[in-house]
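pasting a predicted model and its sequence here:
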Amino acid sequence: MAEAGRRGRAADRRGLTLLLALAFDVLWGDPNNRRHPVAWMGTAIARLWRCAPRQGRAAPFLFGLCLAGGGAAASALTARLFHYAFSQAPTPVAVLLEAISLKMTFSLRGLLAAGRSVEAALEQGDLDTARRRLAWHLVSRDVSRLDASQVAAATIESLAENLSDGTLAPLFYYALVPKAEWGLAAAYAYRFLNTADAMLGYRDVEREWLGKAPARLDDVANLLPARATALLIVACARVVGGDRRRAWRIWRRDARQTASPNAGHPMAAMAGALGVELEKVGHYVLGAGLASPKPEDIARARGLVGVAAGICIGIIALLHFIRR
């Protein structure tokens, strides 16, 4: 009975922590980089990158594997120690501190604001500013030749993809790891892998072999969250006047067109939900034959992302309360 009571209290705490973390994100957003753990991860990865071997294949690959695996383990251990320290405080304080720490692993408010900034520039007919904001906040590709519709498409794609790997995936690992005391550790381990992939997972000369292990580990980590996010987008399509059946059909048809085994799932579902064609020229076309996206479609995508994230977090929290 005592063990059951302890597990029930842990489930309650995780559910409440999820809701508080979402509230903190919506109300206050992200702190500056000097206070942000993910920025610290990026700084550490950049410093290690400068020490990486440049010759051959095996040495860079092994260095990248050690960097990704060791960094994820170190992040998890640090978060586990923080959880232990939090647990020594009274329960309300412990939940508050863990919620703040969990909030640092995702940024829904920042994602929606980035989408809105590109949308606003397109509405004003300022394509140069829209391109600049897209490149600054959302994508790493060359955007200098994108027209207004292509900028809108890239923004919608990024909103969908980042709903998965930038918001729901760390919460997925926090909530679903069996032992509550390891939830924060799992979220931070995922966040490190995703950050390492974002910085190193490119096929240029310098990172071709260095980034292979981080990219593959991130692919594995996102297998379930990406597909769960796509299903959530399909389920919520009607909220923004979308079509669930079309979202399902385009998801199942087009998800494998992207080079990434995961990114195509939420993006294809979003294309079908909104009824727009999302094209990265020379790489893929999701929702071929549908309408070209416009600024107002970015607004619909933002609405869908916000609703889907809120519903997902609410459902996960509710399930934890039910377990109690």
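That came in fine, so what should we check first? Numbers count the residues shown, from 1 in each chain.

ok, the nearest residue to Glu161 once chain neighbours are set aside - contacts?
In space, and not counting its chain neighbours, Glu161 is closest to Ala263: 5.0 Å by Cβ to Cβ, 6 or more residues apart in numbering. Backbone N, C-alpha and C define where each C-beta goes, glycine included. Applying Cβ atoms under 8 Å, 6 or more residues apart in numbering to Ala263 gives the contacts Glu161, Ser164, Ala226.

mind checking how far Ala263 is from Ala273?
Distance from Ala263 to Ala273, counting by Cβ to Cβ, to the nearest Å: 16 Å.

now do Leu16
From Leu16 to Ala273 the distance is 31 Å (Cβ to Cβ).

kindly provide the distance from Leu290 to Thr258.
In terms of Cβ to Cβ, Leu290 sits 17 Å off from Thr258.

try Ala189
Noted for Ala189: a distance of 25 Å to Thr258, by Cβ to Cβ.

neighbour count: these two, which is higher?
Using other Cβ atoms under 10 Å, the more surrounded residue of Ala189 and Thr258 is Ala189, with 27 against 19.

I'd say the more buried one and Ala72 touch.
Yes. The pair Ala189 / Ala72 is scored as a contact, 4.2 Å apart, by Cβ atoms under 8 Å.

residue boundaries of the helices in this structure?
2-28, 37-51, 58-87, 91-103, 108-123, 127-137, 148-162, 169-176, 183-200, 212-235, 244-254, 264-274, 295-323 (DSSP state H).

what's near enough to touch the residue nearest to Thr105 when sequence neighbours are not counted?
Once flanking residues are discounted, Thr105 sits nearest to Pro170: 3.9 Å by Cβ to Cβ, 6+ apart. Pro170 is in contact with Leu102, Thr105, Phe106, Ala187, Tyr188, Tyr190, Arg191, counting by Cβ under 8 Å, 6+ apart.

lowest-pLDDT helix or strand in this structure?
Within the chain, no helix or strand scores below helix 2-28, which has a mean of 77 by mean pLDDT, DSSP states H and E.

where in the stretch 201-324 of the chain is pLDDT low?
323-324 (pLDDT under 70).

find the nearest non-adjacent residue to Met199, please.
Among residues not flanking Met199 along the chain, Ile45 sits closest, at 5.3 Å (Cβ to Cβ, 6+ apart).

in contact with the one you found, which residues?
By Cβ under 8 Å, 6+ apart, Ile45 lies in contact with Leu67, Gly71, Thr195, Ala196, Met199, Leu200.

now do it against Ala72, distance only.
Ile45 is 11 Å from Ala72, by Cβ to Cβ.

so what sits against both of these two?
Ala196.

name the nearest residue to Trp248, ignoring sequence neighbours.
Closest to Trp248 by Cβ to Cβ, 6+ apart is Val234, at 5.1 Å.
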